[in-house]
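Asks: 3D, please:
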Amino acid sequence: MKRAHLGLLVGLIAVGCSSSSFEVASPPGEDTGEVDTGSVALDSDLPVDSSSETEGPDTSIVDSGAADSFVPVDSTMPDTRPPDTGTMPDTTVVDTGTVPIDSGTIDSGTIDSATIDSAPIDSGTIDSGTPDTIVAIDTAPPLCPVLTSALTEVWVDAASPHATPNGTSTCPFKTIQQAVAYVNTLPVAARTIRVRAGTYNEVGAVLLPTLTTLTGAGIGATTILGGGACMGIGNCIVRVAGGAILEQVTVDASPTAKHAIVTGGTDPGGFPILRNLKATGAVGDGNAGILTSSGSLIGPNVESSGNKLGLVVWGSQKTTISGGGNVFDNNTLHGINHEGVGVLSFKGGGRASGNGQDGIKFGEATSTVAPFHEVWGVIIKNNGGAGIRFLANAGGEVRNSSFLGNNWGILARYGASNTFDFGNATASGNNSFAVGTAANKIAGVCVANTPGTATPIVGNKFSACPVTPRPCTEVSRDAECETVSTYSDVWYLGTSAPDASSCSPP
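Replies: Here you go, the predicted model:
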């Protein structure tokens, strides 16, 4: 039945029935029973070009057994495609099973010997296109908090950046004067001002209050300059009150005329204390590296050099130099000039050398009442005048000291009641007035205006032993052997020769 339908359709196409479209379908459910001959079936969906041929071979499609579905043929659309030969060209690429060899250069793994660019990778922010927002960086130091309690340690730093410092270690004052002003607002108590390394050119004298310790970063590390009026004693850089301590600083009075350090009187806290410091630059007339106005404790390691006067002692109270390492060298006039009535005790090691005039000078205003001055264990050499000069009314005891290269080792003048002890029968002097061939220029010891009793100069070292004291008959009583033209270990001027027994050679 189906074959008849196909024949009718082909016939209609062959005779040119191009004006009509037909749809032929097999009855539903009808089994045609057609056998597949193995031929390639024509595509029934393609329109047939009726103008290409009027009669041709049988183009009937062998039914494969499946129900046919026909698409209406549009006779108005000419078929421009090439005729179907019934054969489909095989465009499939045959896999030969062989992997093509990549002719590219094989990487041998060798590292490129070119120099590796060691420049740091630019870590700059990639511009995302968003407009930049510039934030101003605040470089000002943080504000210092207001203190709620009084400080016992007050800090100073010349490099302090704070506009409103409070004196703590993190917000230090910029000047020493600021720290002193703060301490003066507090009740009197033991406090420490710690001054960091730097140079502090202070406006006005630094007046260190009682019971206050000013500690620098060390000699040569913390330097104090400037200065001003010094409470009635000319001008100075620093004044240290009784009970106050100055240490670990250099105080430089140059270039103007003033004292470097002045110590005040005793307060309830005790004597002023100087230790581990250097005073220099006080080169004006009458100026001193250190001036004590009424007793002080000096040492250890106090140096006063390069001044008009190294140390000037005034007042009626005792000044003590002790602890070792105390040096009063290379001053224009005297290393130490004592002009008060109080006692000076210089013990424990030190030096007074290279000064233009005397190493140590005790003036006529000195008390005539015992106890007298003490000089123990001091090196005194190469001074332009005497190693130690005692003027009238100044008495003293000298032990274990060395005198070389001075005009006189010791030059002593008797007054109304003063006495001297440079070594006696029960306590040897142990002073050295010569080493080898080196000695002093005019005399080891010269005693002027001697009383009726012998001056004790027992148990010392001279250039020759025994010592024969020589009288200064060719000079006046007050000339103190200054015009003597020859050397003697002991010269004297007066009624009795000194006792220089029990000496020892150099």
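
Asks: contacts only, for residue 405.
Replies: The contact partners of residue 405, by Cβ atoms under 8 Å, 6 or more residues apart in numbering, come to 381-383, 438, 440-441. All C-beta atoms are positioned from the backbone trio N, CA, C, and that covers glycine.

Asks: ok, 10 Å please
Replies: Listed by Cβ atoms under 10 Å, 6 or more residues apart in numbering, the contact set of residue 405 reads 353-354, 380-384, 387, 438-441.

Asks: show the pLDDT at it.
Replies: On the pLDDT scale, residue 405 is placed at 97.

Asks: distance of it from residue 211?
Replies: Residue 405 sits 43 Å away from residue 211, going by Cβ to Cβ, to the nearest Å.

Asks: cool, and residue 442?
Replies: Distance from residue 442 to residue 211, by Cβ to Cβ: 49 Å.

Asks: of those two, which one has the most company?
Replies: Taking other Cβ atoms under 10 Å, residue 442 and residue 211 do not tie; residue 442 has more neighbours (22 against 19).

Asks: the more buried one contacts residue 470, doesn't it?
Replies: No - between residue 442 and residue 470 there is no contact under Cβ atoms under 10 Å: 11.2 Å.

Asks: now list whatever residues contact both of these two.
Replies: When contacts are counted by Cβ under 10 Å, 6+ apart, residue 442 and residue 470 have 481, 484, 486-488, 491 as shared neighbours.

Asks: let's have those in a markdown table, adding neighbour count and secondary structure.
Replies: Formatted as a markdown table, these follow (neighbours: other Cβ atoms under 10 Å; DSSP: H, G, I helix; E, B strand; the rest coil):
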| residue | neighbour count | secondary structure |
| --- | --- | --- |
| 481 | 23 | coil |
| 484 | 19 | coil |
| 486 | 8 | coil |
| 487 | 14 | coil |
| 488 | 22 | strand |
| 491 | 25 | strand |
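
Asks: what is the nearest of those to residue 255?
Replies: Ranked by distance to residue 255 (Cβ to Cβ), these are led by residue 481 at 39.1 Å.

Asks: so who does that closest one touch?
Replies: Residues near residue 481 by Cβ under 10 Å, 6+ apart: 407-408, 411, 442-443, 445-448, 470-472, 474-475, 488, 491-493.

Asks: go through the contacts of residue 405 and say which is closest to residue 463.
Replies: residue 439 (4.8 Å).

Asks: backbone dihedrals for that closest one, please?
Replies: Dihedral pair for residue 439: phi -150, psi -160, per degrees, to the nearest 10.

Asks: correct me if wrong: it contacts residue 407.
Replies: No - taking contacts as Cβ under 10 Å, residue 439 lies outside contact range of residue 407: 11.3 Å.

Asks: in space, what's closest to residue 144 - neighbours in sequence excluded?
Replies: Using Cβ to Cβ, 6 or more residues apart in numbering and skipping the chain neighbours, the partner closest in space to residue 144 is residue 171 (3.6 Å).

Asks: quick check, that neighbour in contact with residue 182.
Replies: No - counting by Cβ under 10 Å, residue 171 stays clear of residue 182, with 11.9 Å between them.

Asks: can you list residues touching both of these two?
Replies: 147, 165.

Asks: so who does residue 215 touch?
Replies: Neighbour list for residue 215: 153, 192-195, 222, 245-249, 276 [criterion: Cβ under 10 Å, 6+ apart].

Asks: next, count neighbours for residue 504.
Replies: Counted with other Cβ under 10 Å, residues neighbouring residue 504 total 12.

Asks: residue 490 versus that one, what's the distance?
Replies: Distance of residue 504 to residue 490, given as Cβ to Cβ: 14 Å.

Asks: which residue ranges make up the domains of this structure?
Replies: When the chain is parsed with automatic domain parsing, its domains come out as 1-77, 227-234+243-494.

Asks: can I get those in JSON lines including distance to residue 166?
Replies: What follows is the domains of the chain, written out as JSON lines (distance: least, Cβ to Cβ, whole Å):
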{"stretch": "domain 1-77", "distance to residue 166": "101"}
{"stretch": "domain 227-234+243-494", "distance to residue 166": "23"}
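
Asks: tell me the SS of residue 409?
Replies: At residue 409, secondary structure determined by DSSP: H, G, I helix; E, B strand; the rest coil is strand.

Asks: measure it to residue 195 for me?
Replies: As judged by Cβ to Cβ, residue 409 and residue 195 stand 41 Å apart.

Asks: do residue 431 as well
Replies: Residue 431 is 41 Å from residue 195, where distance means Cβ to Cβ.

Asks: next: residue 427.
Replies: For residue 427 relative to residue 195 (Cβ to Cβ), the value is 45 Å.

Asks: next one: residue 184
Replies: As judged by Cβ to Cβ, residue 184 and residue 195 stand 17 Å apart.

Asks: more neighbours: the two, which one.
Replies: Between residue 184 and residue 195, counted using other Cβ under 10 Å, residue 195 has the larger neighbour count: 26 against 11.

Asks: contacts only, for the more buried one.
Replies: Listed by Cβ under 10 Å, 6+ apart, the contact set of residue 195 reads 154-158, 172-173, 175-176, 179, 214-217, 221-224, 248-249.

Asks: mind giving me the ChimeraX command for buried ones among those residues?
Replies: To isolate the buried ones among the contacts of residue 195 in ChimeraX, judged by 16 or more other Cβ atoms under 10 Å, type:
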select :154,155,156,157,158,172,173,175,176,179,214,215,216,222,223,224,248,249
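
Asks: filter the contacts of residue 195 down to the ones in strands?
Replies: The strands, defined by DSSP state E, take in 154-156, 214-215, 222-224, 248-249 from the contacts of residue 195.

Asks: let me know the closest of these to residue 238.
Replies: residue 224 (6.2 Å).

Asks: where does the prediction get shaky in this structure?
Replies: Low-confidence segments of the chain (pLDDT under 70): 1-139, 365-371, 474-480.

Asks: tell me where it has helices.
Replies: 2-14, 176-183 (DSSP state H).

Asks: okay, now residue 340: neighbour count?
Replies: 23.

Asks: what bridges to residue 492?
Replies: Per DSSP bridges, residues listed as beta-bridge partners of residue 492: residue 447, residue 471.

Asks: list the residues that contact it.
Replies: Taking Cβ under 10 Å, 6+ apart, one finds 412, 443, 445-450, 454-455, 457, 469-472, 481, 498, 500 in contact with residue 492.

Asks: can you rerun that using 6 Å?
Replies: Residues near residue 492 by Cβ atoms under 6 Å, 6 or more residues apart in numbering: 447, 450, 469, 471, 498.
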